[in-house]
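1. My questions concern the predicted model and sequence given below.
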Amino acid sequence: MLLGVIADDMTGATDVALMLNRAGMRTVQVIGAPAQGAALPEADAVVVALKSRTCPVAEAVADSLRACEALLAAGARQILFKYCSTFDSTAQGNIGPVADALMQRLDARIAIICPAFPANGRSIYQGYLFVGPMPLHESSMKDHPLTPMRDSNLMRLMGAQTEAPVGLVDYATVLAGPEAVQARYQALAGEGVRYVVTDALTNADLMVLGASVADHVLLTGGSGIAMGLPQNFRQAGLLGERAAPETLHAPPGRAGILSGSCSSATRGQIKAAIAAGYPALKLDPLALAAGGQPVEEVVGWALRQPDETPFLLYSSDDPAEVAAIQDRLGREKAGALVEEAFAAIARRLSEAGLTRLLVAGGETSGAVVQGLAVRTLEIGPEIDPGVPWTRVVDGPEMVVALKSGNFGAPDFFVKAWRLLD
Ligand code: ADP
């Protein structure tokens, strides 16, 4: 392994994994902090997806260190601590404390702070983070329920979370190229600075910054910074040329879609799949609560459908229906009931020969992946921005695509299968 990534949430992990995959690194995503001594799969890059963005600081630090140990044991030469491109955190952390712990473990002299992601409108100038045309603290992130961002100055934001001095590589230096940036790191390190915020407005800037950190053992940033890292491994002769995969080989077997997402994008995709002739069965949370739609019956229905066309099992409903169900069952109970049903259905379907599975819904995906006891996914071709096909590395032999609610074009459920061979 060349690059080890510790991501502070699941969708962020997929994001950075896709970025590395596109840049020609064979990338595997591991879900959750690996158990002590657990071996990681072989790949150019391994991304460990944690849930450490808003958990208690001590837990975030412990999980991140555990992930770091596993990545180092598997041969990682460089560690990227990946957080959100809007620097989602509070004055308590978790970015600062996790970065401090990794810095100490890796004996790093200096680490960059670069949440910039120009393709998504996240840019940094004079150390101020912008979301599109707005400074971070004026963007909708100011009202985030868990991590409201009320400042845009990354030196101050990081400074509130760490004792270590924080400096800046400004845009003029980035424009002057990697050597100039490296000279600035040297000068700042000489002054005792441990973290360096790096300005970046374009992808070209991220390539310059990538080149400038070839010998840094620890980096911190958003998925954008990953764009400039594969070039270093290539230049060092450690990584060959590899185009991003366009298809994924899927084991022979049945195909199906499980959808617990009630987002308008998903509901549109369900409509399109039904219009395209996909056999579809709706799960009714009230029936599930009353034991009226047992898993065996649902699975039996799915397996009776002609196997040339993927079947669709969905609980997705419009907001009024969902609200009515939540009134009857309670919001959490309704959600948990449906998630548990999908987890059990996925497990039974996999035992019955399902090998190609599309799941819609972030929480639903989490439940299904847990139900299938899947811990490791190899990233394959991108179906729509942010949603790749993945191959299960350490569980049932199958390929899965996990789509969070609002992602994907209207024909997502219909077109995704074309990327499988
Ligand atoms: P998204 O990514 O669109 O937010 P999630 O899977 O994360 O989708 O969340 C959808 C939640 O709604 C899940 O907890 C799911 O179990 C629940 N749910 C799905 N269908 C219904 C329904 N008909 N009524 C109430 N809750 C539902």
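-> Noted; the coordinates are in hand. Numbers count the residues shown, from 1 in each chain.

2. Enumerate the residues of the stretch 1-150 of the chain near the ligand.
-> Contact residues (CB under 6 Å from any ligand atom) of the stretch 1-150 of the chain with the ligand: there are none. For the C-beta atoms, the positions are set from N, CA and C on the backbone; glycine is no exception.

3. what about the strands in the stretch 1-150 of the chain?
-> Secondary structure of the stretch 1-150 of the chain by DSSP state E, counting those that start in this stretch: the strands cover 3-7, 27-31, 45-49, 78-82, 111-114, 122-125, 128-131, 134-135.

4. do the stretch 151-300 of the chain as well
-> Using DSSP E, counting those that start in this stretch, strands in the stretch 151-300 of the chain cover 166-169, 195-198, 218-221, 254-259, 280-282.

5. ok, so what distance separates the residue in the stretch 101-250 of the chain that the ligand sits nearest to from Thr54?
-> Distances between the stretch 101-250 of the chain and the ligand by CB to the nearest ligand atom are smallest at Pro145, namely 14.3 Å. Distance from Pro145 to Thr54, counting by CB to CB, to the nearest Å: 10 Å.

6. The ligand contacts on the stretch 301-421 of the chain?
-> So far as CB under 6 Å from any ligand atom goes, the stretch 301-421 of the chain lies against the ligand at 315-317, 322, 325-326, 334-335, 338-339, 361-364, 404-405.

7. Buried members of those residues into ChimeraX, please.
-> Only the buried entries of those go into this ChimeraX selection, using 16 or more other CB atoms under 10 Å:
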select :315,316,317,322,325,334,335,338,339,361,362,363,364,404,405
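
8. Closest to Thr247 out of the residues of the stretch 301-421 of the chain next to the ligand?
-> Taking CB to CB as the measure, Thr247 sits nearest to Ser404 out of these, at 22.8 Å.

9. contacting residues for that closest one?
-> Contact partners of Ser404, counting by CB atoms under 8 Å, 6 or more residues apart in numbering, are Thr11, Ser261, Gly361, Gly362, Ser365, Gly386, Val387.

10. redo that, cut-off 7 Å
-> Thr11, Gly362 (CB atoms under 7 Å, 6 or more residues apart in numbering).

11. Show the pLDDT at it.
-> Per-residue confidence at Ser404 stands at 85 (pLDDT).

12. Now do it against Arg194, distance only.
-> Applying CB to CB, the value for Ser404 to Arg194 is 35 Å.

13. got it, and Gln231?
-> With CB to CB as the criterion, Gln231 and Arg194 are 25 Å apart.

14. So for the two, which sits in the more crowded spot?
-> Comparing Gln231 with Arg194 by neighbour count (other CB atoms under 10 Å), the higher total belongs to Arg194, at 19 against 16.

15. and the residue lying closest to the more buried one once chain neighbours are set aside, what does it touch?
-> Counting by CB to CB, 6 or more residues apart in numbering, Arg194 lies nearest to Ala164, which is 3.8 Å off, once chain neighbours are set aside. Contacts for Ala164 (CB under 7 Å, 6+ apart) come out as Asp100, Arg194, Tyr195.

16. hang on, the earlier thing: winner for burial among the strands of the stretch 151-300 of the chain?
-> Neighbour counts (mean count of other CB atoms under 10 Å) averaged over each of the strands of the stretch 151-300 of the chain peak at strand 195-198, with a mean of 28.

17. Quick one: residues in contact with it.
-> Outside strand 195-198, the residues that touch it by CB under 7 Å, 6+ apart are 110-114, 124, 127, 154-155, 158, 162, 164, 166-169, 174, 185, 188, 209.

18. Quick check: can you name the pairing partners of it and their directions?
-> Its sheet considered, strand 195-198 pairs with strand 111-114 (parallel), strand 166-169 (parallel) by DSSP bridges.

19. List the contacts of the closest residue to the ligand within the stretch 51-200 of the chain.
-> Relative to the ligand, the nearest point of the stretch 51-200 of the chain is Lys51 (13.7 Å; CB to the nearest ligand atom). With contact taken as CB under 7 Å, 6+ apart, Lys51 is in contact with Asp9, Met10.
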